[in-house]
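Student: got a predicted model here, sequence first, then my questions.
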Amino acid sequence: MRVALLTGGMKAAARRTTLAAIRNDEADLVVGTHAILSEGVEFARLGLAVIDEQHRFGVRQRGMLAEKAANPHLLVMSATPIPRTLGLLIYGDLDISILDELPPGRTPVKTRCITGKKRRDLYHFLDQEIGRGRQVYLVCPAIEDTPDGGLNAVKSYYEDIAKALLPERRVGLMHGKLKPKEKAAVMEDFKAGRLDALVSTTVIEVGVDVPNASVMVIENAERYGLSALHQLRGRVGRGVAESWCFLVSDNQSENVQKRLKFLCSTTDGFAVAQYDLETRGPGDFFGSRQHGLPTLQIADLMNDTRTLHAAQAEAVAMLADDPLLEAPEHALLEQQVQQMFEKAGAMN
């Protein structure tokens, strides 16, 4: 099989060569980042589009890939679940497969909320875990210090806190401004066990698998959405050792505390998604908004699941008999559908 790689960081000559291979049917499998969605990428015979970590793509971005061919098969995957009711509306035209069990040998991650006053006790625990041969992640929301000083920046946190409180341990630093080779070298050192702790931004949120890592510490946890926190928590608990996630926040807002405590109460991704749906809204499905209430006039996403199922079944039956909505009795519906998609563009 002929495989091509396309990323935004490629040099111009290599990019031209790859684009020509994709266009001239010289690549059977194309693997890439968002760069695949950019202008100038032309597929000779795109038959299957696979989008991993689909929640990281905007609605319009997901549609752009499908537009690069005439109705290619589409597979979207995500480790961040969506509520089943919401799935009816977003993915009503797709078959949905749900994997909701932990792999064999894994145990649920224990999650705790603490304040910065407990940081020294926390680091004592981290040192004990490292002494047992484990590794730990320390995640900060910013790279550089902010003017108001309200966020833990990864660079100063690495020097002033992590290295100071773990003086005898090997601590690494990872963030998005490092060059690709530097990031790869740091991650390889962590995977190989040459680092005990890794101070990082959310660049480790997806695609990182280090079974020996048993603790995730998330500073300024109030600055992250629940799905991001759930994803970060998923970086640990990949081995047989008992694993922990600590949400560190000094924010005393009632809503923030309620959100963080909810995450501490469950490791069920579907429960997390349902809570997000109830508190932030599901987004505008026929536009690029990712949150906020949808433009439903009557239906209620939380209470009308049975009715939404029935509506979906009726729509499937109708389209089976009249795929293009050409029957006279469907003329008004066809007009409404056309207006909806002309306004919003391609669906996800």
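Tutor: Happy to help now that I have it. Numbering: from 1, shown residues only.
Student: what's Val136 sitting at in phi/psi?
Tutor: Val136 has phi and psi values of phi -140, psi 150 when expressed as degrees, to the nearest 10.
Student: that one reaches Glu129, doesn't it?
Tutor: Yes: using Cβ atoms under 8 Å, Val136 is in contact with Glu129, at 6.2 Å. All C-beta atoms are positioned from the backbone trio N, CA, C, and that covers glycine.
Student: against which helices or strands is the helix ranked longest in the chain packed?
Tutor: The residue-count maximum for a helix in the chain (DSSP state H) belongs to helix 305-321. Judged by 3 or more Cβ pairs under 8 Å, 6 or more residues apart in numbering; DSSP states H and E, helix 305-321 is in contact with helix 84-90.
Student: average model confidence for the helix it packs on?
Tutor: When pLDDT is averaged along helix 84-90, the result is 58.
Student: pull the residues that contact stretch 167-174.
Tutor: By Cβ atoms under 8 Å, 6 or more residues apart in numbering, the residues outside stretch 167-174 that reach it are 127, 130, 154-155, 158, 162-163, 183, 186-187, 189-190, 194-201, 203-204.
Student: can you mark which positions in it are buried?
Tutor: Arg169, Arg170, Val171, Gly172, Leu173, Met174 (16 or more other Cβ atoms under 10 Å).
Student: just these: which are in strands?
Tutor: Counting by DSSP state E, the members of the buried residues of stretch 167-174 that fall within strands are Val171, Gly172, Leu173, Met174.
Student: what stretches of the stretch 101-250 of the chain score poorly on pLDDT?
Tutor: 147-150 (pLDDT under 70).
Student: which stretches in it count as helices?
Tutor: 119-131, 154-157, 163-165, 180-191, 226-233 (DSSP state H, counting those that start in this stretch).
Student: any idea which of the ones you listed gets closest to Ile51?
Tutor: helix 226-233 (16.1 Å; Cβ to Cβ).
Student: so what does that closest one touch, helix or strand wise?
Tutor: Against helix 226-233 (3+ Cβ pairs under 8 Å, 6+ apart) you get strand 213-219, strand 244-248, helix 254-265, helix 269-280.
Student: and these as a markdown table, adding mean neighbour count and distance to Ala13?
Tutor: Below are the helices and strands packed on helix 226-233 laid out as a markdown table (neighbours: other Cβ atoms under 10 Å; distance: least, Cβ to Cβ, whole Å):
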| stretch | mean neighbour count | distance to Ala13 |
| --- | --- | --- |
| strand 213-219 | 25 | 38 |
| strand 244-248 | 24 | 44 |
| helix 254-265 | 15 | 47 |
| helix 269-280 | 18 | 43 |
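Student: quick one: closest of the ones you listed to Pro108.
Tutor: Closest approach to Pro108 among these is made by strand 244-248 (10.3 Å; Cβ to Cβ).
Student: strand partners of that closest one, parallel vs antiparallel please.
Tutor: Taking DSSP bridges as the criterion, strand 244-248 pairs within the sheet with strand 110-114 (parallel), strand 213-219 (parallel).
Student: give me the residues contacting that strand.
Tutor: Contacting residues not belonging to strand 244-248 are listed as 109-116, 118-119, 122, 214-221, 229, 232-233, 236, 260, 263-264 [Cβ under 8 Å, 6+ apart].
Student: please report the distance of Ala4 from Thr17.
Tutor: 9 Å (Cβ to Cβ, to the nearest Å).
Student: can you check Gly234 too?
Tutor: Gly234 is 36 Å from Thr17, by Cβ to Cβ.
Student: more neighbours: those two, which one.
Tutor: Between Gly234 and Thr17, counted using other Cβ atoms under 10 Å, the more crowded position is Gly234 (19 against 14).
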